[in-house]
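1. Have a look at this prediction, sequence included:
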Amino acid sequence: MVETAAHLTDHVFPRLPVRQWVLSVPKRLRYFMQRDGAVLNMVLRIFLRVIAQSLQAHCAGVAQVDRATLHIGAVAFIHRFGSSLNGHVHFHVCVVDGVFEEVPGDVIFHPASAIDKTTVAQVQATLRSRILRAFVGRGLLESFDAKDMLGYQHSGFSVDAGVCIEAHDRAALERLLRYCARPPFAMDRLRKEGASLVYRCAKQHSEPGSDKRGARVDELILTPLELIDRIAALVPPPRTHRHRYFGVLAPNSPLRAAVTAMAQPPTRQTEPSNMSEGASAVVALGHAIPTTPEPAPPKRSPAHYLWAVLIARIYEVFPLSCPLCGGQMRLIAFITEGVQIRRILEHIGVDSEPPHIFPARGPPLWDDGGDAQMDEAVQVEPDWDLAAQPA
């Protein structure tokens, strides 16, 4: 999550305003998007096409420009989960708030303006009609059902575009990208109470509410098997991308290099220092320093970050800083000999013997709260869903 957000902030998104567009569809359509990748791609393409048309309509300088030369820049994140560990397919799309005009040898950016609630409502109405028409065309929905869904006051389609990051606020952009690239659940919301696991579904800074019976409505009480079942259902299909690039940010776009170059901070030009005179004064004749070229460091992909750098970007504390002197620590050796490891552990007061591991056994049978012996000829399978697991 952090590495993806850092890479997109440092090397992909230009220093321009970025807006987040979120699309949710009715539950009746989510089933097909969850099961069929082609249907999911179809809905995502419709969503991006409508966003592009809306941005082109709200850019003042492109009225007389050929629409074929106008492109958007977007990264789409496909979420298959909701806040309560439920299956909920929806899209978070981070779009550069404007369009790029392709000119010979260059690219021109036209910012968008006046994107308000009325514009978002128009986008939502257009998406509802086009997506339903596409489902009818694929035979996944009857025409009369689509007509009824168009007449619903609360149709289940939801579009939000209220989050817009300014061009200079790169820290806010990185936080937004972390939110879009987040995993299905957070460990800090999960706690253990007795034999059950409690997962808090609300936001981290919200207070839990209660229903009429006094139970917290924003917490899930699950057994370990129920938690595993919910998490397993959220695993995406194999060989599918969780985030995708579109427009000028696409890998095969001829404008990608020019647009992503805008992500780098402006460099300050400094006066070059003339070291030739000083060098000739210090180094005597016959004792010149040999000009042996140093070995070039191995090339590293800009998308890969060191673990210490990622931790520093999250907690704003560099983990390799010495707490005593403030200097930078470095790895000097990897000790693999058991004798040396045991000496070091004993010196710092840590147990050098591994913990005792109990032998494996079969799952317990929760029959009357005990392990009653049963007849070998009669094998009764317990109901694992209704069984309460001990601590």
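-> Thanks, I have it.
2. Just the CA atoms of stretch 71-80, as PDB, please.
-> C-alpha atoms of stretch 71-80 as PDB (Å, rounded to 0.1, in the frame of the first residue of the first chain):
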ATOM      1  CA  HIS A  71      -6.800  12.700 -23.200                       C
ATOM      2  CA  ILE A  72      -7.200  12.200 -19.500                       C
ATOM      3  CA  GLY A  73      -4.700  10.700 -17.000                       C
ATOM      4  CA  ALA A  74      -6.100   8.300 -14.400                       C
ATOM      5  CA  VAL A  75      -5.300   5.400 -12.200                       C
ATOM      6  CA  ALA A  76      -8.200   3.200 -11.200                       C
ATOM      7  CA  PHE A  77      -8.300   1.100  -8.000                       C
ATOM      8  CA  ILE A  78     -10.700  -1.900  -8.000                       C
ATOM      9  CA  HIS A  79     -12.100  -2.600  -4.500                       C
ATOM     10  CA  ARG A  80     -13.900  -5.800  -3.900                       C
END
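3. Now find how far off-centre it is within its chain.
-> 11 Å (Cα atoms, centre = their mean, to the nearest Å).
4. got it, and stretch 230-238?
-> 16 Å.
5. tell me the secondary structure for the closest residue to residue 175 other than its chain neighbours?
-> Using Cβ to Cβ, 6 or more residues apart in numbering and skipping the chain neighbours, the partner closest in space to residue 175 is residue 5 (7.8 Å). C-betas here are computed from N, CA, C, even on glycine. Assigned by DSSP: H, G, I helix; E, B strand; the rest coil, the conformation of residue 5 is helix.
6. can you pull the contacts of residue 5?
-> Listed by Cβ atoms under 8 Å, 6 or more residues apart in numbering, the contact set of residue 5 reads 174, 175, 177, 178, 181.
7. and which of these is nearest to residue 67?
-> Ranked by distance to residue 67 (Cβ to Cβ), the contacts of residue 5 are led by residue 177 at 28.9 Å.
8. ok, that closest one touching residue 3?
-> No. Look at residue 177 against residue 3 with Cβ atoms under 8 Å: they stay out of range, at 10.7 Å.
9. quick one, which of these two is more surrounded?
-> A side-by-side neighbour count of residue 177 and residue 3, using other Cβ atoms under 10 Å, places residue 177 first with 28 against 15.
10. what's in contact with the helix or strand where residue 339 lies?
-> Under the criterion of DSSP states H and E, residue 339 resides in helix 338-347. Outside helix 338-347, the residues that touch it by Cβ under 8 Å, 6+ apart are 335, 351, 352.
11. How about stretch 311-319?
-> 2, 6, 174, 308, 328.
12. Show me how far it is from its chain's centre.
-> Per Cα atoms, centre = their mean, the displacement of stretch 311-319 from the mean C-alpha position of its chain is 19 Å.
13. how about low-confidence regions in the stretch 201-350 of the chain?
-> 202-217, 267-298 (pLDDT under 70).
14. I'd like to know how many residues surround the residue lying closest to residue 141 once chain neighbours are set aside.
-> Computed as Cβ to Cβ, 6+ apart, the closest residue to residue 141 that is not its neighbour in sequence is residue 135, at 4.1 Å. Burial of residue 135 is recorded as 22 neighbouring residues (other Cβ under 10 Å).
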